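Q: Quick one, what's the 3D model for this:
(2 chains)
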Protein chains: 2
Amino acid sequence: MDLVTLDDIRAAAERITSGVVRTPLLPCPWADSGRPLWLKPETLQPIGAFKIRGAVNAIARLDDDARRRGVVAYSSGNHAQAVAYAAAQEGIAAHIVMPRSTPQIKIDNTRSYGAEVVLCGDGQRERVAYEIVAERGAVLVPPFDHPDIIAGQGTIGLEIAEDLPDVDVVLVPVSGGGLASGIASAVTALRPDAKVIGVEPELAADTRESLRSGSLVDWSIEARNRTIADGLRSQPSELTFAHLSAHLHDLVTVTEDEIRSAMAVLARKGRLVAEPSGAVALAAFLYHAGELPEGRTVVVVSGGNVDPVLLSDVLSRSLDEE
Amino acid sequence: MDLVTLDDIRAAAERITSGVVRTPLLPCPWADSGRPLWLKPETLQPIGAFKIRGAVNAIARLDDDARRRGVVAYSSGNHAQAVAYAAAQEGIAAHIVMPRSTPQIKIDNTRSYGAEVVLCGDGQRERVAYEIVAERGAVLVPPFDHPDIIAGQGTIGLEIAEDLPDVDVVLVPVSGGGLASGIASAVTALRPDAKVIGVEPELAADTRESLRSGSLVDWSIEARNRTIADGLRSQPSELTFAHLSAHLHDLVTVTEDEIRSAMAVLARKGRLVAEPSGAVALAAFLYHAGELPEGRTVVVVSGGNVDPVLLSDVLSRSLDEE
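A: Got it, this is the predicted structure:
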């Protein structure tokens, strides 16, 4: 299987300069001085999550004919908003297939970018999306299982290596694996001594099991749905698993309480609003130091689209604990 | 009176590259499309506020002799942490004079950067600081009343003009006026057609009154202390007032409710944790459109050091209102 290369990621970086925010690395003087920490805040992207990078890269690669036919995506999460936003930037029609059970706010956000939202029954998303592909000749933009998506997310790794050339450790959330595949490909190519480590919720730790067994292991969606980290309930594809197997140094898991606590730390000390999925890498840094290599560490804060009720709750609870 | 020049600000920008985060401009697709909006998130600085820029610039200008004697600052707010952090970065001793009534968390934060905190009675800060200056020959780093501080804060304006060359409007909080003086000096020098507009709480609107009357008007500290925006309770000096008179296009005031509401919008839509003072410029954008020029607008989010109880409260209230 052909893996995404550093050149692919560099080409993606040139394509995404206009639609994507070049996020800074944020030094954290509040972290343990023996393990200097920087945050990579993808929460600052226009749609609040890293997904914009892959979507903009994939859409930038479409030819004129494909642009006329438009794009399709199926997602109830950040990928929906990313494709809607990226298509609108390019003046391309977008159909986004979402389950009827999707929270209204996410449907409204997706529509606000000008996308046509197609509602469907639970478990029907993929079928409905492919119907639109067949009817209109529209191009499907998958959430992670495509080299253009992996290369787009990999631009985060390029930026980390550029801004912190002597980085030792990068902690990245893992779900479908597009983000971790891209970042690990870029960082290990540029800084062979650096270690990229995936982070999963204990309750959705299928990728750790897959990496240990050497082939993809299937966890039921019911099992994966237990975690509060709603952005980390997917599983790698053969393509992303090949990248993770080749480039990830290790994979660490975190508990639900650790995720909530890391959200509070991000708000209070990092002044960042993170969704649960966006807080898992910091949770690993804070509560699993013994499982991690030492050195200059970057934590990827992947997204910030959180229910304000949950954020408010997490903030008030973290005070009770002091 | 000599005003800070564009060259002063450019020189400051070269001095502060290592200790200060080059913050991005964040596009806001959720804003009114007729008035495109970008946020300048100074909340992302290592100490959570823009104050680090002036402090790093002032300390970088000290000669070896002054460095050996160390620096002094008096502040119960973000300036204390800025001077402590900037001095530590340079290996310089720092004494920070704080009232005994300062919340313990701010005292602890300031100490955590290695500064020596000198506690004193309320209203004694300035006297105690000058005693340390006299005893040790230490250099006082003032919070706003100095060209080096104004030039440091002005680097924000350089970055805005560089990242958004066709900016039309910049909204900036005003307290002692160092931030607004610096930004207005830079932006109006580089983009003469752009309008820099100050924002104050209605309850601490001394600067608006001063600008209208043409000379500094004094509001009692009791009056200014009424606002929730604890970072905006100072008044301009003759030096900052001269800059504001020369370069500010206008000054708009916002209510306490508008400040709270803007904090919630920053958290929910901008994924940024802002303190009340950091939210006033967005409050003006959101709730005082009729008083503002149209066009491409930058809102400066000046700081994010907020009591988590207040943030949690603001988030839960904003939901009740929907």
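Q: ok, which stretches of chain A are strands?
A: For chain A, strands defined by DSSP state E occupy the ranges A:26-27, A:37-41, A:71-74, A:94-99, A:116-120, A:139-140, A:169-173, A:195-201, A:250-254, A:297-301.
Q: closest to chain B out of these?
A: strand A:26-27 (5.1 Å; CB to the nearest CB). Where C-beta positions appear, they are placed from N, C-alpha and C, glycine not excepted.
Q: hmm, that closest one touching chain B?
A: Yes. Strand A:26-27 reaches chain B (CB under 8 Å from any CB of the partner chain) through A:26-27.
Q: Now do that strand: distance to the chain's middle.
A: Strand A:26-27 has its average C-alpha position 20 Å from the chain's average C-alpha position, going by CA atoms, centre = their mean, to the nearest Å.
Q: Can you list the helices and strands that it packs against?
A: strand A:37-41 (3 or more CB pairs under 8 Å, 6 or more residues apart in numbering or on different chains; DSSP states H and E).
Q: Identify each buried residue in the longest helix anywhere in chain A, please.
A: Of all segments of type helix in chain A, defined using DSSP state H, the longest is helix A:147-163. Of the residues in helix A:147-163, A:147-161, A:163 count as buried by neighbour count, 16 or more other CB atoms under 10 Å in any protein chain shown.
Q: in the stretch 1-150 of chain A, what spans have low per-residue confidence?
A: Along the stretch 1-150 of chain A, no part satisfies pLDDT under 70.
Q: What residues does it have near chain B?
A: By the rule CB under 8 Å from any CB, the part of the stretch 1-150 of chain A lying against chain B is A:21-24, A:26-30, A:41, A:43-44, A:46-48, A:85, A:112-113.
Q: Let's see that with 6 Å instead.
A: Residues of the stretch 1-150 of chain A lying close to chain B by CB under 6 Å from any CB of the partner chain are A:21, A:24, A:26-27, A:29, A:43-44, A:46, A:48.
Q: Which single residue of the stretch 1-150 of chain A approaches chain B most closely?
A: Closest residue of the stretch 1-150 of chain A to chain B, CB to the nearest CB: A:Thr43 (4.4 Å).
Q: Against A:Leu239, how distant is that residue?
A: Between A:Thr43 and A:Leu239 the computed distance is 26 Å (CB to CB, to the nearest Å).
Q: More neighbours: those two, which one.
A: Of the pair A:Thr43 and A:Leu239, A:Thr43 is the one with more neighbours under other CB atoms under 10 Å in any protein chain shown, namely 27 against 23.
Q: which non-adjacent residue is nearest that one?
A: Once flanking residues are discounted, A:Thr43 sits nearest to A:Gly304: 3.2 Å by CB to CB, 6 or more residues apart in numbering or on different chains.
Q: For burial, what's the neighbour tally of the one you found?
A: A:Gly304 - counted by other CB under 10 Å - has 30 other residues nearby.
Q: and what of A:Ala11?
A: When neighbours are counted by other CB under 10 Å, A:Ala11 registers 16.
Q: Then A:Lys106?
A: 19.
Q: Pretty sure the residue nearest to A:Thr43 sits against A:Phe50.
A: No. Taking contacts as CB atoms under 6 Å, A:Gly304 lies outside contact range of A:Phe50: 10.4 Å.
Q: Touching both of those two, which residues are there?
A: Residues touching both A:Gly304 and A:Phe50 (CB atoms under 6 Å, 6 or more residues apart in numbering or on different chains): none.
Q: Any idea how many residues pack against A:Val56?
A: 28.
Q: For A:Ser112, see how far away A:Ile16 is.
A: Distance, A:Ile16 to A:Ser112, using CB to CB: 22 Å.
Q: do A:Arg233 as well
A: Distance, A:Arg233 to A:Ser112, using CB to CB: 25 Å.
Q: what's the answer for A:Asp250, then?
A: As defined by CB to CB, A:Asp250 lies at a distance of 40 Å from A:Ser112.
Q: related to what we said a few turns ago, okay if I get the strands of chain A as CSV plus mean neighbour count?
A: As requested, the strands of chain A are exported to CSV (neighbours: other CB atoms under 10 Å in any protein chain shown):
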stretch, mean neighbour count
strand A:26-27, 20
strand A:37-41, 26
strand A:71-74, 28
strand A:94-99, 24
strand A:116-120, 16
strand A:139-140, 19
strand A:169-173, 28
strand A:195-201, 26
strand A:250-254, 21
strand A:297-301, 29
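Q: Can you lay out those strands as a markdown table showing distance to B:Ala186?
A: Formatted as a markdown table, the strands of chain A follow (distance: least, CB to CB, whole Å):
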| stretch | distance to B:Ala186 |
| --- | --- |
| strand A:26-27 | 23 |
| strand A:37-41 | 25 |
| strand A:71-74 | 41 |
| strand A:94-99 | 39 |
| strand A:116-120 | 43 |
| strand A:139-140 | 44 |
| strand A:169-173 | 35 |
| strand A:195-201 | 39 |
| strand A:250-254 | 44 |
| strand A:297-301 | 30 |
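Q: can you tell which of these is closest to B:Arg68?
A: Set against B:Arg68 and scored by CB to CB, those come closest in strand A:26-27, at 26.5 Å.
Q: Can you tell me what sits against that closest one?
A: With contact meaning CB under 6 Å, 6+ apart, strand A:26-27 is reached by A:38-39, B:44, B:46.
Q: pLDDT score for the residue nearest to A:Thr43?
A: A:Gly304 carries a pLDDT value of 96.
Q: And for A:Ile156?
A: Per-residue confidence (pLDDT) for A:Ile156: 98.
Q: nearest to B:Val167, of the strands of chain A?
A: strand A:37-41 (23.0 Å).
Q: Could you list the residues of the stretch 201-322 of chain A in contact with chain B?
A: Contact residues, the stretch 201-322 of chain A versus chain B (CB under 6 Å from any CB): A:267-268, A:271, A:273, A:304, A:308, A:311-312, A:315-316, A:319.
Q: Need the max-distance pair from those.
A: For these, the farthest-apart pair by CB to CB is A:Gly304 and A:Leu319; their separation is 20.8 Å.
Q: can you pull out the helices in chain A?
A: For chain A, the helices defined by DSSP H cover A:6-15, A:51-60, A:64-69, A:78-89, A:104-112, A:125-136, A:147-163, A:178-190, A:206-213, A:221-224, A:238-247, A:256-268, A:276-287, A:308-320.
Q: can I get the ones you listed in JSON lines with distance to B:Gln124?
A: Formatted as JSON lines, these follow (distance: least, CB to CB, whole Å):
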{"stretch": "helix A:6-15", "distance to B:Gln124": "55"}
{"stretch": "helix A:51-60", "distance to B:Gln124": "52"}
{"stretch": "helix A:64-69", "distance to B:Gln124": "68"}
{"stretch": "helix A:78-89", "distance to B:Gln124": "52"}
{"stretch": "helix A:104-112", "distance to B:Gln124": "51"}
{"stretch": "helix A:125-136", "distance to B:Gln124": "66"}
{"stretch": "helix A:147-163", "distance to B:Gln124": "43"}
{"stretch": "helix A:178-190", "distance to B:Gln124": "52"}
{"stretch": "helix A:206-213", "distance to B:Gln124": "58"}
{"stretch": "helix A:221-224", "distance to B:Gln124": "59"}
{"stretch": "helix A:238-247", "distance to B:Gln124": "59"}
{"stretch": "helix A:256-268", "distance to B:Gln124": "30"}
{"stretch": "helix A:276-287", "distance to B:Gln124": "39"}
{"stretch": "helix A:308-320", "distance to B:Gln124": "31"}
